[in-house]
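> kindly generate the corresponding structure for this input.
(one chain, ligands or ions: 1)
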Amino acid sequence: MQYEDGKITHELVARCCQEVLPLSGDAAEVGVYRGDSAEVICRELPNDRVFLFDTFAGFPADILDSCEKHFLGAFRDTCFDDVAQRMSAYDNARLVPGVFPATARGLGRVNLKFVHVDADIYLSTLAALWWAWPNLVSGGIMLCDDYLCGSCPGAARAVHQFADLEGIAFETRAKRAIFFKD
Ligand SMILES: C[S@@+](CC[C@H](N)C(=O)[O-])C[C@H]1O[C@@H](n2cnc3c(N)ncnc32)[C@H](O)[C@@H]1O
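Sure thing, here's the model as predicted:
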């Protein structure tokens, strides 16, 4: 079941990358873990920088919502060095370790053509959407992975809050939310 879900994510991520391939810009992923979907992005967009944000040590405990306590301790079985080693196969990978969105500040203004938000939890997802949208180029795509995933209610809340406040429509594909920038 988990494998199937990962396969769907990878296919969708690959399709989004193929769609934005002709555009100029960089790509980003918020929520990298061991680098499975990051590898798909780096492979599909070999000529673009791909910023990869994660603590590489699991969720930051202090930003978990009260209904997200089940995530405490999850995704800790990774580490920066291992992911850096794996991603060294891709010249375009740029690992950005630490707690997002503070880590994004160092990058300044970037032009993004694809962003994969796979952070599972409310505050991280909302921060990722808010950071990515103004940096997205025309024609760019923002894919939010956990939208209709039952164990990630915070991600769905963040998607709705962002879309409502910004007045932006989105589509649902395979339980993921996709935002297209005009
Ligand atoms: C579902 S996993 C990502 C899965 C990954 N995309 C893959 O293909 O396997 C979620 C990741 O989000 C990271 N994360 C969530 N909120 C974060 C934040 N505010 N700063 C940095 N990393 C965060 C966690 O550390 C975790 O590794």
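
> which helices and strands sit right next to the longest strand anywhere in the chain?
Ranked by residue count, the top strand of the chain under DSSP state E comes out as strand 136-144. Secondary-structure packing of strand 136-144 (3 or more CB pairs under 8 Å, 6 or more residues apart in numbering; DSSP states H and E): helix 2-20, strand 112-117, helix 122-135, helix 153-166, strand 176-180. Backbone N, C-alpha and C define where each C-beta goes, glycine included.

> residues contacting the residue nearest in space to the middle of the chain?
Closest residue to the average C-alpha location of the chain: V117 at 2.3 Å, with CA atoms, centre = their mean. Neighbouring residues of V117 by CB atoms under 8 Å, 6 or more residues apart in numbering: E29, V30, G31, T125, A128, L129, A132, M142, L143, C144, D145.

> try it again with 6 Å
V30, T125, A128, C144 (CB atoms under 6 Å, 6 or more residues apart in numbering).

> which residue packs closest to F80, ignoring adjacent ones?
F56 (4.2 Å; CB to CB, 6 or more residues apart in numbering).

> now swap in A93 and tell me
A93's closest residue in space is M87 (CB to CB, 6+ apart), at 3.9 Å.

> run a quick neighbour tally on the one you found.
20 (other CB atoms under 10 Å).

> how close does A61 sit to L123?
12 Å (CB to CB, to the nearest Å).

> the more surrounded of these two?
L123 (19 against 10).

> residues from the protein in reach of the ligand?
31-34, 36-37, 53-55, 58-60, 75, 99-100, 118-121, 124 (CB under 6 Å from any ligand atom).

> mind checking which of these land in strands?
Checking those against DSSP E, those in strands are F53, D54.

> what about T172, is that helix, strand or coil?
Of the three states, T172 takes strand under DSSP: H, G, I helix; E, B strand; the rest coil.
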